[in-house]
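K.L.:
Could you work out the structure for the sequence below:
(one chain, ligands or ions: 3)
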Amino acid sequence: MMKKIIQQLAKSEHVLLASHIKPDGDAIGALLAMGIALEKQGCQVVLFNESSIPEVYRFLPAVGRIQKKLTDWQRFDTAVILDCGVLSRVGSAADDIATIPVIINIDHHTTNNRFGHFHLVDVNACATAEIVYRLILEMKLDVDVAMATAIYTGILTDTGSFRFSNTNQAAFSICEAMVAAGVKPSTVAQHVYGAYSLGRIKLLNLALDSIEISNNGYLSIMTVTREMLACTDTQPEDADGLINYARRIRDVKVAALIHELENNTAPPPRKQYHVSLRSDGSVDVSNIAMKFGGGGHAGAAGFSVESSLVELKQTIYDLSDGFGESCHLN
Ligand code: AMP
Ligand code: MN
Ligand code: MN
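P.N.:
Ligands and ions are numbered 1, 2, ... in the order given. Predicted structure coming up:
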């Protein structure tokens, strides 16, 4: 499949590259690296992400090229969709993107539904950035420091700094190559993890205080409300990564972060929530997320629902009854 995609891209002239809404380091890193690569190859590229780029990723070279709004979709002959398990993850542009004649799906989610005309889906890849790197090598392109920084950041963040279960040998070997290409790990770490606003740290305090545990101790729930964001003067992106604290508690197999979404249209007391799930490796949370119309990986998944907070917590608590010994993965 990689060869066919390279042949196709060699014919492509106007390429749209897009990744998922509320982008993480991998969605942004894979988008930038692939975009720069295709430009080097002589394509006209447009980089697209419907959400704002979180502050912590704005240091990445060429990040200013990512556009939030597009018109004139007919100009594209090819779309490269990165880090999306389903096409709808790109957001409200999905219908317009679906009209592009050739769609290439590059991803590593276990729940990927193989949308598009060409797929390069490797669920064992630590990040979409790993697949993009392999593709760039196969395209015989040099990895410059801008691409290297994007790839390194994608792998660093998707592996939770080489701690999550998707951390594989490639994570280290590719990052080593990226350092050889000029990436400074301490500089990336300083931008991504060491330049938080005071409000973000205060939000951490509120989020930690919200943690509750199921009776059997296997499940933790953390809640981030709009009110918490307002009183700490923070943005939804400032909640990224908070769930990992709820996952670190001894005996906890699954942590859930209930995130109240903005622009709620539901009649009270119902609201729209995003639920992030993280597992210690013994429970496949992508299965749980799929049941609620979401998706992800075995160790990290998510879904969005409309519910009252009380009912949503109860629904999540009910799941923990199934987190006994029987659900261990191989
Ligand atoms: P999050 O819950 O946003 O921290 O995301 C955890 C993982 O699940 C990421 O790999 C996401 O891309 C994926 N994910 C989150 N929400 C959804 C969704 N609604 N549909 C499919 N995948 C999702
Ligand atoms: Mn992602
Ligand atoms: Mn990813």
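K.L.:
From now on I want contacts and neighbour counts done on CA atoms only, so please keep to that.
P.N.:
OK.
K.L.:
Near ligand 1, which residues of the stretch 1-150 of the chain? Just list them.
P.N.:
Applying CA under 6 Å from any ligand atom, we find that the stretch 1-150 of the chain lies next to ligand 1 at residue 85.
K.L.:
which SSE is the one residue in the stretch 1-150 of the chain that gets nearest to ligand 1 in?
P.N.:
Closest residue of the stretch 1-150 of the chain to ligand 1, CA to the nearest ligand atom: residue 85 (5.9 Å). Residue 85 is part of no helix or strand, with elements assigned from DSSP states H and E.
K.L.:
Tell me where the chain is predicted with low confidence.
P.N.:
Residues of the chain that meet the criterion pLDDT under 70 lie in 325-330.
K.L.:
And the residue of the stretch 1-150 of the chain closest to ligand 1, how far from residue 5?
P.N.:
Distance from residue 85 to residue 5, counting by CA to CA, to the nearest Å: 18 Å.
K.L.:
Show me which of those two is the more surrounded one.
P.N.:
Each of residue 85 and residue 5 had its neighbours counted (other CA atoms under 10 Å), and the higher figure belongs to residue 85 (26 against 18).
K.L.:
any idea how far ligand 3 is from the more buried one?
P.N.:
10 Å (CA to the ion, to the nearest Å).
K.L.:
Next up, the contacts around that residue.
P.N.:
Applying CA atoms under 8 Å, 6 or more residues apart in numbering, we find residue 85 in contact with 107, 108, 109, 110, 111, 112, 113, 114, 295, 296.
K.L.:
With distance to residue 312 added, can I get those in a markdown table?
P.N.:
Shown next, in a markdown table, are the contacts of residue 85 (distance: CA to CA, whole Å):
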| residue | distance to residue 312 |
| --- | --- |
| 107 | 30 |
| 108 | 29 |
| 109 | 25 |
| 110 | 25 |
| 111 | 23 |
| 112 | 26 |
| 113 | 27 |
| 114 | 30 |
| 295 | 18 |
| 296 | 20 |
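K.L.:
ok, and the most crowded of those?
P.N.:
residue 107 (30 neighbours).
K.L.:
Any idea what that residue is bridged to?
P.N.:
residue 121 (DSSP bridges).
K.L.:
who touches it in this structure?
P.N.:
With CA under 8 Å, 6+ apart, residue 107 has these contacts: 82, 83, 84, 85, 120, 121, 122, 123, 127, 128, 131.
K.L.:
in terms of contact, does the first one touch residue 130 like I think?
P.N.:
Yep, that's residue 82 we're talking about. No - using CA atoms under 8 Å as the test, residue 82 is too far from residue 130 to be in contact (11.5 Å).
K.L.:
And those two? Which one has more around it.
P.N.:
A side-by-side neighbour count of residue 82 and residue 130, using other CA under 10 Å, places residue 82 first with 31 against 25.
K.L.:
Give me the phi and psi for the more buried one.
P.N.:
phi -120, psi 140 (degrees, to the nearest 10).
K.L.:
Give the full set of residues in contact with it.
P.N.:
So residue 82 contacts 17, 18, 19, 20, 27, 30, 31, 105, 106, 107, 128 (CA under 8 Å, 6+ apart).
K.L.:
just residue 258 next, same as before
P.N.:
Contacts of residue 258 by CA under 8 Å, 6+ apart are 221, 222, 223, 224, 273, 274, 275, 276.
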